[in-house]
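> need a structure here:
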Amino acid sequence: MKKRISRRDFLKLTSLGFGAASLAACERFIQLSPTPVYSLPIAETTKSAPETIAKDEKWWLKPQTYHIGEGSDEPGIVQMKITVLHDWTFWGQEYYGEYVSYENIRQRWEGIHQRGMRIEAVVSIVDIFFVEIGADDEIYPYSGISLEGKHIQYDDPPAFVGCTNQPGWQAYLVRKMKDAVDMGVDGITIDDYEGTSRWVSGTPSGMAGLEAGPGGCFCPACEEGFREYLRITYSEAGLQAFDIPDINTFRYSEYLLERDWTSKRLGEESLKYSGWDSEAEITAPLYEDYAHFQNQRILEVTRYLRDSIKAYARDGYGKEIAWSANMGEYTYATHKFFPLYDRSVGSIWYFGIPPRGTEGYYYRLDYAIYGAPRIREVSRDPVVVAAINEYHADNLLAIKNAEAYANRGAYIEQGYYLVESAYDEEAEASAFHTDVETKYKNNSFYLEHKALFDFEATTSMARAAVLYASSSIKNNLYNHTIAFNGICEILTDLHVQYDTIFVGDGISNEDTLSGDVLSHYELVFLPNTASLTDSQVEAILAYVNAGGTVAALGEVGIMNEEGIEVKRPELSALTRQRYSEYGNGQFYHLRVDVFQADSVFDEEIHDIASAYFQYYIENSDPSIASLLYLYDEEPINHLSEETARAIRQEISALIDNSISARIVQDTLSENICVQAYLKSESPQEIFVHLINYDYELQTDNVHDQSDIPVAIKLPDTFEVESINVMSPDFDGTHELDFTIEDRYAKFTVPLLHIWDVIVIE
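Numbers count the residues shown, from 1 in each chain. This next block holds a predicted model:
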């Protein structure tokens, strides 16, 4: 029996959804070479028949509906108005028999295209699941090799594991992805996007258990690549200091074995690179260099694969294909991959369960990063999946569907869900099925009103923003993430329109924070941004000096991008007081000790946003309590409603003192989320999404809300001719009476079931 650990610790170890790579990769800024990693042969292929769907450029930026499935004849696919199918059967098809043969897949994809749908194929660049490869197989020599010289493999389920540094494995990947293009694929989603670098990132060795990975690959390609890295990085004297007399005969695996290292011990140390322990140290000699080499190489390989396949599709078929990553949550190690992909596809770690929990802000964060909608799967958190199955939560998923599309994202479902339990010996098949009628209703609404969801043609109306800082994720991951979640939840409860700003640290991603970026907002929140670059601190101080307002929650700027504590006298002086004036602007520093009505806070919690999220939002539904016990995790005490209200009032007063006018007046129930967009092209329109979170998990019941008063601030030149409400929950469009007062359009929405959209023209 495998040892059970707490659900929170599991999420930490797996870096929020199996999406981590080594922190060491980001110790230096990586400039990618425009040349291929290796010169690979062009595969002999047979081109397929022309498609019957339009070959739009960057079709993934336009409204689409998604489903994980295999073909157009799958029950419910046509009825649910699906426009894009994600097919997991393509990868490894030559090993799986007749049903997933090359010809069978081609025929299925042709049928999908004939029905006007697109196909995205999922390709792992690390493994082929449920396959045991013999020594006589073509790809056997491309296997990853452990420290002890054994082929790396998964045991449960079995899988072949290749090394992305092997020229032969790269050639195989390119050949297979070109096969997919020849068969008419419209996009490729890369699974296990970390490649061989995942073994130095604390990634478990398989989906079936929590054991640490092998700690690295030591195949001939990795050994030679690391030798070359050391030649470039160190002088001869520097190498001798590491007891390397001759770099030409050096083998890192032998070096470690001679010093009593094993795969198990190395893998356990690599868990420290998961990102949750900012004080972790790696003791294996040269391992930080080795991790950096692996992380640098996977970026080169990824760029080569992307450029090869996109060019092949463009030159051979005149089409643009989407190049996406099946990327979980965003540890620092994922940041270096952002420029290499068109968008992210995968589960979000946090699954907010109504009435309190939301996660629309993560879709908007992704849009800020990629400029493309995030495609979100149902969470793999075992407790979430258990809740969905236990309570047959069709309405919960309908709320989540609306949440995705209202926040510049998209939702993807499958006909059934496999519970990938992190704690049990075997995964359990669930009885949950996608509700075809609900999916049809929502997808029909979405596709019939594409102008509402063309986010390239709309802009945010926000006057406030929340900073998501790459360096703070690197050096203070947990605290920054929880505070970010918390302030976003508070602002959502207060119906404040806000943007999320992603800023790199100049190492893994460009440092883009500037006065021009901040000048779009009257108020900027810094949620436990303990680590900031010098230029970011300068930009923040200049923004405040020019008249802006900053609200810092918890620590701010006490470390630089390398995690080294630094002295910043001007910033430090501002954080010593709750409120300070600086130049023409204001600086607030809010700490949790203002609210001591509930003595439930962790000693590590230093800000009210984190307290709000961890003790008011997360796992707050009483129906979750029994499920937490199933996974050896006890429910925590939560904030009283009085304390939560006091926190909201504190932030609400700060907002009213900091921005000239709210875009949405706070006249609605806290269980209604509001998201507004301005269509700036003529004729101007305002789109306002209302989502009802007044939901009861145990009964899967949504409580309708009626006679909802709404007031929307109008741009100076906007003249209102009509206001209409539409929804997937009722037929037709209904015109609403309205008044204009102080440049606010005021009206009453008669009924909200799950999702209404108001169009102001």
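> How is the chain partitioned into domains?
According to automatic domain parsing, the chain comprises the domains 462-656, 672-760.
> Out of the ones you listed, which one sits most buried?
Each of the domains of the chain was scored by mean neighbour count; the highest is domain 462-656, a mean of 20, by mean count of other C-beta atoms under 10 Å. All C-beta spots, glycine's among them, are computed from the backbone N, C-alpha and C.
> mean confidence score for it?
Domain 462-656 carries an average pLDDT of 88.
> swap in stretch 345-361?
On average, the pLDDT along stretch 345-361 is 84.
> about what we covered before: take the domains of the chain and lay them out in a markdown table including distance to residue 222.
Rendered in a markdown table, the data for the domains of the chain read as follows (distance: least, C-beta to C-beta, whole Å):
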| stretch | distance to residue 222 |
| --- | --- |
| domain 462-656 | 22 |
| domain 672-760 | 47 |
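> any idea which helix or strand carries the closest residue to residue 573 other than its chain neighbours?
Closest residue to residue 573 in three dimensions, ignoring its sequence neighbours and counting by C-beta to C-beta, 6 or more residues apart in numbering: residue 580, at 7.6 Å. With elements taken from DSSP states H and E, the one containing residue 580 is strand 579-582.
> Run the chain-centre distance for the following helix or strand past that strand.
Going down the chain from strand 579-582, the next helix or strand is strand 585-590, by DSSP H and E. Relative to its parent chain, strand 585-590 has a centroid offset of 30 Å by C-alpha atoms, centre = their mean, to the nearest Å.
> again with stretch 727-745
For stretch 727-745, the separation from the chain centroid amounts to 34 Å (computed by C-alpha atoms, centre = their mean).
> for the record, mean pLDDT for that stretch?
96.
> and the residue nearest to residue 230 when sequence neighbours are not counted, how many residues sit next to it?
Leaving aside its sequence neighbours, residue 230 sits nearest to residue 247 (C-beta to C-beta, 6+ apart; 6.0 Å). For residue 247, the number of neighbouring residues by other C-beta atoms under 10 Å comes to 14.
> So which residues of the stretch 251-400 of the chain form helices?
Listed from the start of the chain, the stretch 251-400 of the chain has helices (DSSP state H, counting those that start in this stretch) covering 252-257, 263-270, 287-317, 360-370, 382-391, 394-406.
> residues of the second one that come out buried?
Residues of helix 263-270 classed as buried by neighbour count (16 or more other C-beta atoms under 10 Å): 263, 265, 266, 267, 269, 270.
> Also compute the angle for it relative to helix 287-317, please.
The directions of helix 263-270 and helix 287-317 differ by 80 degrees, with axes from the mean of the first three to the mean of the last three C-alpha atoms, to 10 degrees as the criterion.
> Which strands border the strand or helix carrying residue 120, and is each parallel or antiparallel?
Using DSSP H and E, the element containing residue 120 is strand 118-124. On the basis of DSSP bridges, the sheet neighbours of strand 118-124 come out as strand 84-87 (parallel), strand 187-191 (parallel).
> between those strands, which one is nearest to residue 733?
Using C-beta to C-beta as the measure, strand 84-87 is the one of the strands paired with strand 118-124 that comes nearest residue 733, at 27.1 Å.
> How far off centre is the helix or strand that comes right after the closest one?
Downstream of strand 84-87, the next assigned helix or strand under DSSP H and E is helix 102-114. Going by C-alpha atoms, centre = their mean, the spacing between the C-alpha centre of helix 102-114 and its chain's C-alpha centre is 31 Å.
> Ok, stretch 490-504 next?
Taking C-alpha atoms, centre = their mean, the mean C-alpha location of stretch 490-504 is offset from the chain mean by 16 Å.
> mind exporting that stretch as PDB, just the C-alpha atoms?
Output of stretch 490-504 as PDB, limited to C-alpha atoms (Å, rounded to 0.1, in the frame of the first residue of the first chain):
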ATOM      1  CA  ILE A 490     -12.400  39.800  -2.800                       C
ATOM      2  CA  LEU A 491     -12.600  42.000  -5.900                       C
ATOM      3  CA  THR A 492     -14.900  39.600  -7.600                       C
ATOM      4  CA  ASP A 493     -17.200  39.600  -4.500                       C
ATOM      5  CA  LEU A 494     -17.200  43.400  -4.700                       C
ATOM      6  CA  HIS A 495     -18.000  43.400  -8.400                       C
ATOM      7  CA  VAL A 496     -14.900  45.400  -9.100                       C
ATOM      8  CA  GLN A 497     -13.600  45.200 -12.700                       C
ATOM      9  CA  TYR A 498      -9.900  44.400 -12.600                       C
ATOM     10  CA  ASP A 499      -7.200  43.100 -14.900                       C
ATOM     11  CA  THR A 500      -4.400  40.600 -14.000                       C
ATOM     12  CA  ILE A 501      -0.900  41.700 -15.100                       C
ATOM     13  CA  PHE A 502       1.800  39.100 -15.700                       C
ATOM     14  CA  VAL A 503       5.300  40.500 -15.500                       C
ATOM     15  CA  GLY A 504       8.500  38.500 -16.100                       C
END
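> Can you give me the distance of the residue nearest to residue 573 to residue 554?
Summarising the geometry, the distance separating residue 580 from residue 554, computed by C-beta to C-beta, to the nearest Å, is 16 Å.
> do residue 200 as well
Relative to residue 554, residue 200 is positioned 30 Å away (criterion: C-beta to C-beta).
> in a helix, that's where residue 683 is, yeah?
No - Residue 683 sits outside any helix when classified using DSSP: H, G, I helix; E, B strand; the rest coil, being coil.
> contacting residues around residue 142?
Shown here is residue 142, whose contacts under the criterion C-beta atoms under 8 Å, 6 or more residues apart in numbering are 162, 163, 166, 168, 169, 172.
> Quick check: bridge partners of the residue nearest to residue 573?
Beta-bridge partners, per DSSP bridges, of residue 580: residue 587.
> Would you confirm that it contacts residue 574?
Yes - under the contact definition of C-beta atoms under 8 Å, residue 580 touches residue 574, with a separation of 4.9 Å.
> which residues are common contacts for those two?
With contacts taken as C-beta under 8 Å, 6+ apart, residue 580 and residue 574 have 587, 589 as neighbours in common.
> And what about the most far-flung residue of the chain relative to its centre, helix, strand or coil?
Here the chain reaches farthest from its C-alpha mean at residue 245, the gap being 44.9 Å by C-alpha atoms, centre = their mean. Residue 245 falls in the coil class when you classify it by three-state DSSP.
> try residue 674
Here residue 674 takes the strand state, with states given by three-state DSSP.
> who's in contact with residue 662?
Residue 662 sits next to 495, 496, 497, 655, 656, 713 when contact means C-beta under 8 Å, 6+ apart.
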